[in-house]
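Visitor: need coordinates for the following:
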Amino acid sequence: MPDHLIAPHGGVLVDLLAGPERQRELKAHSREWPSWDLTPRQLCDLELLLSGGFSPLDGFLRRKDYARVIADMRLASGAIWPMPITLDLPEDFAGKLAAGGTLALRDAEGVMLAALHVEDVWRPDREAEAQAVFGTTSREHPGVAHLLDRSHPVYVGGRVEGLEPPHHYDFQALRHTPAEVRAEFARRGWRTIVAFQTRNPMHRAHQELTLRAAHEVQANLLIHPVVGMTKPGDVDHYTRVRCYQALLPSYPPNSAMLSLLPLAMRMGGPREAVWHAIIRKNYGCTHFIVGRDHAGPGKDASGQPFYGPYDAQQLLERHQAELGVHMVPFKQMLYVPELDSYFPEDAVPAGAKTIDISGTEQRRRLQQGIELPAWFTFPAVERELRRSSPARARQGFAVFFTGLSGSGKSTVANVLLVKLLEMGGRPVTLLDGDVVRKNLSSELGFSKEHRDINIRRIGYVASEIAKHGGVAICAPIAPYDRTRKDVRALVDGVGGFVLVHVATPIEVCEARDRKGLYAKARAGLVKEFTGISDPYEAPSDAELVIDTTEITPAEAAQQILLYLETEGFIG
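Guide: Numbers count the residues shown, from 1 in each chain. Got it, this is the predicted structure:
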């Protein structure tokens, strides 16, 4: 390792990949061990453990390390480390493990990537973890929602030995380990390097910010975007990487380098900023740019931000001397038309008018086919965005009905199907609750777990239809708010999503009762029946609310068509 580059966190760049002979031994013994297929987040964590991106960690956190990370952002050794890197497992599976055992870690295809030498098995207090790490237990925070609702209840810690890193077939020339990035820095003669973290496409404001940061500290620039897991609803990494590649020629020659980071973000704001700085230190960077609301998840339902705009800067500033990584703080960049220049918000000339385009406005312009102005972005970047985000009238979308049995969902959905087929232009598929139950979910019952599985299957199929430009009309009962939100996030990532709440009162639904289900439910013959013996959580985020008591199915379908036309989905 070139000695003129900054030392990794802890002094040594960890390499957990075993040599060829040891790999053969591990594979031979793995037949005797239990196996775990890693989740996408766990795969990201394992990749950075194996490569040394998470130096000085040599595996998933043991209990003592975990406890101290939660309490005061340090490992048991005293080294600063703000984010728990844990392997979460189901309780029944973890019950088969004990200290001294070994667990084979595999990818989704069953390929063994590493062996975990189990040292600790424990059940953490995840509510306390959420409060300590994220500063909240609100499930409106995506990191909290993942921790409390999508992670498993038992943690397993111990040393990891790697056989091979996870496989990637995309952008292979841009995927570098910390050792490879350090070697490239040495080859180029770079010694002072400032890193820029991003999970969004970069526009002129980002280019101006990074240029200023590099000039300010007389450094070269590493553009280091996250391509593992980011905030739900973000632009997919394929589109973003093409945008970064389009932007790179705008920098002076030999001043900037692009490399991809397979990180699973937690959207942890201040703690995450410290974590990001440590990771970039391991990659050989001496400086790290931290802007407004770094790694923040935005606002809660009441409009309050989870973190202050510069909380992340303040926390990293307190620890930068210990880390040896210098923070380059930047405020929001604003464009001044009369000077045709960008300025940090605290350096705008007195009396000057500023303009900006928000993320919401950018999406609106892309959806409606409106040009993005040249002062905002580069033409090459806009071309890449439009390739992946065509105008709404050319995108796929899902109309997702929810409501009680007998509310009229299926009837209205069938009318809407016919009307859209009559209009033409896109393939249209109806995913009716009963039909899906018969063809995709025949093995499922009506417990909450099985209802959720059924709705997620519908959401997955709808997202695939929308991804390929079609229209999915979904008409299940979908009684649970959390599951509906998950489906929305799934479809929103690839197309449009319109939630229609058919809010027909239960008295009317029961009076219709063509199948006699309500009568059977009240007699106790049908268990877990929505609205009688199982709850229905009415949505607060529906784009349309329809009561079929007083209107015909044709009138209800027409309301939906008018909304789709107004929002640009059809025209």
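Visitor: CA only for contacts and neighbour counts going forward, please
Guide: Noted.
Visitor: point out where the chain drops to low pLDDT.
Guide: Along the chain, the model assigns pLDDT under 70 to residues 1-3.
Visitor: from the chain's centroid, how far away is the helix or strand containing Thr483?
Guide: Thr483 belongs to helix 481-492 when assigned by DSSP states H and E. Centroid separation for helix 481-492 versus its chain: 13 Å, with CA atoms, centre = their mean, to the nearest Å.
Visitor: got it, and stretch 70-80?
Guide: 26 Å.
Visitor: kindly report the same for stretch 416-436.
Guide: That offset, for stretch 416-436, works out to 30 Å (CA atoms, centre = their mean).
Visitor: any residues touching that stretch, and which ones?
Guide: With contacts defined as CA atoms under 8 Å, 6 or more residues apart in numbering, stretch 416-436 is touched by 410, 413-414, 458, 465, 469-477, 557-558, 560-561.
Visitor: could you do stretch 159-167 as well?
Guide: Under CA under 8 Å, 6+ apart, the answer for stretch 159-167 is 16-18, 23, 43, 46-47, 50-51, 58-60, 107, 112-119.
Visitor: one step back: now the helix holding Thr483: buried residues?
Guide: 482-484, 487-492 (16 or more other CA atoms under 10 Å).
Visitor: list of residues touching the next helix or strand after it?
Guide: Downstream of helix 481-492, the next assigned helix or strand under DSSP H and E is strand 496-502. Residues outside strand 496-502 that contact it (CA under 8 Å, 6+ apart): 392, 395-404, 407-409, 466, 488, 491, 538-539, 541-548, 569.
Visitor: cool, stretch 96-116 as well?
Guide: Contacts of stretch 96-116 (CA under 8 Å, 6+ apart): 26-27, 30, 33-39, 43, 59, 117-121, 158-166.
Visitor: narrow these to those in strands?
Guide: The strands, defined by DSSP state E, take in 35-37, 59, 117-121, 158-162 from the contacts of stretch 96-116.
Visitor: re earlier: of the buried residues of helix 481-492, which is the nearest to Tyr66?
Guide: For these, the minimum distance to Tyr66 (CA to CA) is 28.7 Å, reached by Arg482.
Visitor: any idea how far the closest one is from Arg451?
Guide: From Arg482 across to Arg451, the span is 12 Å (CA to CA, to the nearest Å).
Visitor: repeat for Arg386
Guide: 37 Å.
Visitor: which helix of this protein spans the most residues?
Guide: Across the chain, the longest stretch assigned as helix under DSSP state H is helix 448-467.
Visitor: against which helices or strands is the helix or strand immediately after it in the chain packed?
Guide: Going down the chain from helix 448-467, the next helix or strand is strand 471-475, by DSSP H and E. Judged by 3 or more CA pairs under 8 Å, 6 or more residues apart in numbering; DSSP states H and E, the packing partners of strand 471-475 are strand 397-402, helix 409-423, strand 428-432, helix 448-467.
Visitor: for Met83, find the nearest of the ones you listed.
Guide: Of all the helices and strands packed on strand 471-475, helix 448-467 comes closest under CA to CA, at 29.8 Å.
Visitor: and the angle for the closest one with strand 471-475?
Guide: 160 degrees (axes from the mean of the first three to the mean of the last three CA atoms, to 10 degrees).
Visitor: give the buried residues for helix 448-467.
Guide: For helix 448-467, by 16+ other CA under 10 Å, it's 451-452, 454-459, 461-467.
Visitor: go on, stretch 221-238?
Guide: Those would be 221-231, 235-237, for stretch 221-238 by 16+ other CA under 10 Å.
Visitor: so which of those belong to strands?
Guide: Reading strands off these with DSSP E, I get 221-225.
Visitor: could I get those as JSON lines with distance to Leu499?
Guide: Shown next, in JSON lines, are these (distance: CA to CA, whole Å):
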{"residue": "Leu221", "distance to Leu499": "44"}
{"residue": "Leu222", "distance to Leu499": "42"}
{"residue": "Ile223", "distance to Leu499": "38"}
{"residue": "His224", "distance to Leu499": "36"}
{"residue": "Pro225", "distance to Leu499": "33"}
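Visitor: return the member of those nearest to Ser151.
Guide: Nearest to Ser151 out of these is Pro225 (CA to CA; 24.8 Å).
Visitor: any idea how far that closest one is from Thr102?
Guide: Distance from Pro225 to Thr102, by CA to CA: 34 Å.
Visitor: repeat for Ile355
Guide: Distance of Ile355 to Thr102, computed by CA to CA: 58 Å.
Visitor: more neighbours, the two?
Guide: Legend: neighbour count by other CA atoms under 10 Å for Ile355 and Thr102, higher for Thr102 (23 against 12).
Visitor: which residues are in contact with the closest residue to that one other than its chain neighbours?
Guide: Among residues not flanking Thr102 along the chain, His117 sits closest, at 4.6 Å (CA to CA, 6 or more residues apart in numbering). Listed by CA under 8 Å, 6+ apart, the contact set of His117 reads 100-103, 158-160.
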